[in-house]
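Undergrad: Could you work out the structure for the sequence below:
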Amino acid sequence: MVDKLKDKTILIEEGLLLPDFLRLETEPYSNGWRLVKDLDGYGLDRKIREVGWTFFYLAQTKATVFGFDTDKAVRRAVNRILARLKWEQFNSLEITQVAAKRFLGLPYVTVSAHQRHIQESIFLFHAKRFAEKDRARLAAV
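TA: Now for the predicted structure:
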């Protein structure tokens, strides 16, 4: 697990609507989130910009978890970050650092990540505003 989550690893929300011609190879990571394979943040940003969409780079966030099992501690730390991300309504995350250390003999893991957001518009909107816009667009059709 720890070797899967390294610098520049991208997690995207499951069910994220992307353009049809933007194919991403992913695998399940956590409940409602998928790990993007074979692309780092820079590569994914390039692919998204090629199709005219925007991949926002937002605030950094961290989570620290104590635990003797490093893999489980990393997963719990990432899940804490993902819970915050879901609450703030962003749809992707870029892991920037996974560090396993010890404090007074107790092992802990710190995961640092940047919130990311994929959308068609160049203006950052929250998901609620997009849902309203999509409903209006569907009603007009």
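Undergrad: Low-confidence ranges, the chain, go.
TA: Across the chain, the ranges flagged by pLDDT under 70 are 1-4, 125-141.
Undergrad: Give the bridge partners for the most centrally placed residue in the chain, please.
TA: The residue lying closest to the centre of the chain (CA atoms, centre = their mean) is L93, at 2.1 Å. Per DSSP bridges, the residues bridged to L93 are L11, Q115.
Undergrad: list the contacts for it?
TA: Neighbour list for L93: I10, L11, I12, W33, I81, L82, L85, A113, H114, Q115, R116 [criterion: CB atoms under 8 Å, 6 or more residues apart in numbering]. No exception for glycine: its C-beta is placed from N, CA and C like everyone else's.
Undergrad: go on, I95?
TA: The contact partners of I95, by CB under 8 Å, 6+ apart, come to L5, K6, D7, K8, T9, I10, L11, V78, V111, S112, A113.
Undergrad: Buried subset of the residues you listed as a PyMOL selection?
TA: In PyMOL syntax, the buried subset of the contacts of I95 is picked out as below (16 or more other CB atoms under 10 Å):
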select buried, resi 5+9+10+11+78+111+112+113
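Undergrad: quick one: which of the contacts of I95 is nearest to L24?
TA: I10 (9.0 Å; CB to CB).
Undergrad: List the residues that contact that closest one.
TA: By CB under 8 Å, 6+ apart, the contact list for I10 reads L35, V36, L39, D40, G41, L44, S92, L93, E94, I95, R116.
Undergrad: Over to L39?
TA: Applying CB under 8 Å, 6+ apart to L39 gives the contacts I10, L24, K47.
Undergrad: cool, H117 as well?
TA: By CB under 8 Å, 6+ apart, H117 lies in contact with F55, F56, L58, F90, N91, S92, L124.
Undergrad: and it, helix, strand or coil?
TA: Recorded secondary structure, H117: strand (DSSP: H, G, I helix; E, B strand; the rest coil).
Undergrad: roughly how far apart are it and S92?
TA: Noted for H117: a distance of 6 Å to S92, by CB to CB, to the nearest Å.
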